[in-house]
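Chemist: Here is my input, please return the structure:
(chains A and B)
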2 protein chains.
Amino acid sequence: MRTIVGGVTAARGFRASGVRAGIKQQGSDLALVLSDSPAKAAAVFTTNQIQAAPVMWSGRIVRKKGNVQAVVVNSGNANACTGGIGLEHAARMSDGIATRVGVDADAVLVASTGVIGVVLPIEKIVDSMDELVKAADNGLNAGTAAAEAIMTTDTFAKECAVVVQVGKDVVTIGGMSKGSGMIHPNMATMLGFITTDASISQAMLDEALAEAVIDTFNMISVDGDTSTNDMVVLLANGQAENPTITAKDEHYQAFYEGLHAVCMSLAKQIVQDGEGATKLIEVRLQSAKSKEQARALIKSIITSNLVKTAFFGEDPNWGRLLAAMGYAGVPFDASRVRIRFVSDRGEVLLMDESEPFPFDEHLAKRVLSARDIQVLIDLNEGVSEAVGWGCDLSYEYVRINGEYRT
Amino acid sequence: MRTIVGGVTAARGFRASGVRAGIKQQGSDLALVLSDSPAKAAAVFTTNQIQAAPVMWSGRIVRKKGNVQAVVVNSGNANACTGGIGLEHAARMSDGIATRVGVDADAVLVASTGVIGVVLPIEKIVDSMDELVKAADNGLNAGTAAAEAIMTTDTFAKECAVVVQVGKDVVTIGGMSKGSGMIHPNMATMLGFITTDASISQAMLDEALAEAVIDTFNMISVDGDTSTNDMVVLLANGQAENPTITAKDEHYQAFYEGLHAVCMSLAKQIVQDGEGATKLIEVRLQSAKSKEQARALIKSIITSNLVKTAFFGEDPNWGRLLAAMGYAGVPFDASRVRIRFVSDRGEVLLMDESEPFPFDEHLAKRVLSARDIQVLIDLNEGVSEAVGWGCDLSYEYVRINGEYRT
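Modeler: Have a look, this model is predicted:
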């Protein structure tokens, strides 16, 4: 596997574009990802009971397991909690692209992110579609234009691409994502769009994506609020012409390794760019009884406001980590826990086997002054391990999300 | 039932005191509640797996169901995650008071709140015990002195008392609580201590407290982090000399009404004084299928950072409320939901039957500019109802909890 420069246009046969429709106050806000040939699609959607119209629309298409050829995404408005008119608008977004590129409406997925509960300015979107389709290009810049058009309060475009050797063939996997943010402060939405030229069966594609999100997109948290609009879509158009992957063999493994790397990179970029974040916190939980136990403990830590504010304050307040583990709802033996903080500025042991370790406060503060912090927790109960990523909670988070919408 | 001025010394036969032991940088930090005669005790403790030493100590005593005569509480240090020495210190706190007031060590409950993972300055505490016991008095000021000594970053002392008619006798119930705060920023702890002169059986006392906390102390949230030190203790010394309450009859109901009112007042005072809080948010969920459904939805709303920052920003962002309900893990019919915001400045309807209501933004902003906001949510699914209380998330919360401990 090799990382290359690129995003959704890295794989053969994919074009993309991003234009300004005028939904946001400024910047591009309408993106298109287009496959030149029919592609298989796998997707995961938000677990929130309240699902935005585009989630309902795209979910229906993905469950049909037919061919998909495009994804149209707008930022600036989530088209969520918008009632019957919202569903109609999602359909019109799909139809508009389908007509212009000459495919069936059920071959066009729709995604939205932005303010909730405000009716989508659908005419602005439809009016921009000719320009959007015309701009679609397979170059690097076109991929970046799409990645920029899906941003809300994101401060940088998130892209990633890799090539993997699948037997004798080279398969490319590339993607883009967006994280927490909005122009009119509102629900943070996580979106990920991944394209590949791999030839792979629907069953293997579904399985690969479902597996890859577990310890990538599903192990990050910015603020613990699950959006109504989250989705990760993976399109595979087979243009690499590799023998179709139909079983969990070595070819699947090679493809999976690449897909996992792309998901991981896109997920970590979201946390790095978390609203108001000044630090990326990686929590690695080792020697756990099971991966499930480890993941539950990590999630409780990275969503705790007290843990997040302590990191913002560069305070080696390990008691808050242990307390967050304590209310995670999964049992562990507190008497065997060891906690260390590591960064490029050093390493400090804070707690060992339930006894506070008399650590050097100055060293601890130096370790925590780095931007990237690793928290190493040993449970000393088993052999499983998991990793998750979070960010700190800063004044800026409160400002971004507390500002009045207008 | 009648509310009276007072706290833990309101009921007959209870004395209290608060002195400075020097655990905190300033202010009183050691409190005592003392019954002149043996009392029955009921208590509820944190559900956090990580339990501070005083929680272990007091839990053991309460489970024995023997007589209790005193509670000693320190602020400034949680005596949590302090290993074997922590348990020894909790025992020394209990012993020290027991010796001085002439009771068994198992008649003295212990509670602590403050920084986690730092060994308790036990000598300072023991050295202050003579003064603490000597100061114990049954006056109003003594109750307030105790309520002040258990404060950490609380900005006001929290007290409440009521009298209820139990048959021919007057029973008094009074209490004090503390909320989120610390001198050295750390885990917020909720402590509540309630005294009554009611004569009541152990079984009825246990049941009354367990029932009263469900929709009072357990329906508030400041930041979603469950402390290692939470406890609510209820002492009943029988000095009202009412015929002992031994069944859920009208006398029990009268007593329960008073206890519930005291719990409610103490709980609401905690949220009003939440760290950095500028607003008290009451969420009333009506026409739910069950109380459990209503409570789960309310808790998800009042712990959502996005909801809390929206209230701080006085932003009528009802989509965030609905999204928080969506990930609460309990089913509801989103198509029937109605959401209103009410305050002393007006009322505004934001959403009705899944359709955004075209509300007046200026009116909404005026309603939200009040300090006390009521959120009324109609599920239109059944006849159950529940209420919960939260506060907003402000810059001040981040400052308090992000500041370095030293």
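Chemist: pLDDT score assigned to the residue located most distally from the centre of chain A?
Modeler: What lies farthest from the middle of chain A is residue A:358; by C-alpha atoms, centre = their mean that is 38.8 Å. Note for residue A:358: predicted pLDDT of 83.
Chemist: mind checking the SS state of it?
Modeler: coil (DSSP: H, G, I helix; E, B strand; the rest coil).
Chemist: Next one: it from chain B, what distance?
Modeler: 10 Å (C-beta to the nearest C-beta, to the nearest Å). Bear in mind the C-beta positions are built from the backbone N, C-alpha and C, glycine included.
Chemist: what's the distance between that residue and residue A:350?
Modeler: Distance of residue A:358 to residue A:350, computed by C-beta to C-beta, to the nearest Å: 10 Å.
Chemist: Pull up the residues of the stretch 251-400 of chain A that are close to chain B.
Modeler: The stretch 251-400 of chain A has residues A:304-306, A:309-310, A:312-315, A:317-320, A:322-327, A:331-332, A:334, A:350-351, A:354-356, A:361, A:365, A:393-395, A:397-399 near chain B, with proximity defined as C-beta under 8 Å from any C-beta of the partner chain.
Chemist: Quick one, which of those are buried?
Modeler: Among those, those buried by neighbour count (16 or more other C-beta atoms under 10 Å in any protein chain shown) are A:304-306, A:309-310, A:312-315, A:317-320, A:322-327, A:332, A:334, A:350-351, A:354-356, A:365, A:393-395, A:397-399.
Chemist: Just the ones of these in strands?
Modeler: Using DSSP state E, A:350-351, A:355-356 are the members of these that sit in strands.
Chemist: Show me the strands in the stretch 51-200 of chain A, by range?
Modeler: Under the criterion DSSP state E, counting those that start in this stretch, the stretch 51-200 of chain A contains strands at A:68-77, A:108-115, A:158-166, A:169-178, A:191-196.
Chemist: Let's have these in CSV, adding distance to chain B.
Modeler: Below are those laid out as CSV (distance: least, C-beta to the nearest C-beta, whole Å):
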stretch, distance to chain B
strand A:68-77, 11
strand A:108-115, 7
strand A:158-166, 21
strand A:169-178, 17
strand A:191-196, 16
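Chemist: could you redo those as TSV and give each row mean neighbour count?
Modeler: Conversion of these to TSV gives the following (neighbours: other C-beta atoms under 10 Å in any protein chain shown):
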stretch	mean neighbour count
strand A:68-77	28
strand A:108-115	29
strand A:158-166	23
strand A:169-178	26
strand A:191-196	30
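Chemist: TSV for those strands, including mean pLDDT?
Modeler: As requested, these are exported to TSV (pLDDT from 0 to 100):
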stretch	mean pLDDT
strand A:68-77	95
strand A:108-115	91
strand A:158-166	93
strand A:169-178	92
strand A:191-196	90
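Chemist: how about the ones you listed in JSON lines, adding distance to residue A:257?
Modeler: As requested, the strands of the stretch 51-200 of chain A are exported to JSON lines (distance: least, C-beta to C-beta, whole Å):
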{"stretch": "strand A:68-77", "distance to residue A:257": "24"}
{"stretch": "strand A:108-115", "distance to residue A:257": "26"}
{"stretch": "strand A:158-166", "distance to residue A:257": "6"}
{"stretch": "strand A:169-178", "distance to residue A:257": "10"}
{"stretch": "strand A:191-196", "distance to residue A:257": "13"}
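Chemist: Which among those strands is found nearest to residue B:218?
Modeler: Proximity to residue B:218 (C-beta to C-beta) singles out strand A:108-115 among the strands of the stretch 51-200 of chain A, at 33.6 Å.
Chemist: residues touching the residue nearest the centre of chain A, list them.
Modeler: Nearest to the mean C-alpha position of chain A, by C-alpha atoms, centre = their mean, lies residue A:267 at 4.3 Å. Residue A:267 makes contacts with A:177, A:192, A:216-217, A:219-220, A:389, as judged by C-beta atoms under 8 Å, 6 or more residues apart in numbering or on different chains.
Chemist: Now flag whichever of the residues you listed is closest to residue A:108.
Modeler: Nearest to residue A:108 out of those is residue A:192 (C-beta to C-beta; 17.7 Å).
Chemist: separation between the residue of the stretch 151-300 of chain A found nearest chain B and residue A:169?
Modeler: Relative to chain B, the nearest point of the stretch 151-300 of chain A is residue A:226 (4.2 Å; C-beta to the nearest C-beta). Look at residue A:226 and residue A:169: by C-beta to C-beta, they are 38 Å apart.
Chemist: now do residue A:47
Modeler: According to C-beta to C-beta, residue A:47 stands 36 Å off from residue A:169.
Chemist: Residue A:217 now?
Modeler: Relative to residue A:169, residue A:217 is positioned 27 Å away (C-beta to C-beta).
Chemist: Among the contacts of residue A:267, name the buried ones.
Modeler: For those, a burial check counting by 16+ other C-beta under 10 Å picks out A:177, A:192, A:216-217, A:219-220, A:389.
Chemist: May I have the residues that are in contact with residue A:177?
Modeler: Residues near residue A:177 by C-beta under 8 Å, 6+ apart: A:158, A:190-193, A:232, A:266-267, A:269-270.
Chemist: Please apply the same query to residue A:175.
Modeler: So residue A:175 contacts A:7-8, A:159-161, A:192-195, A:262-263, A:266 (C-beta under 8 Å, 6+ apart).
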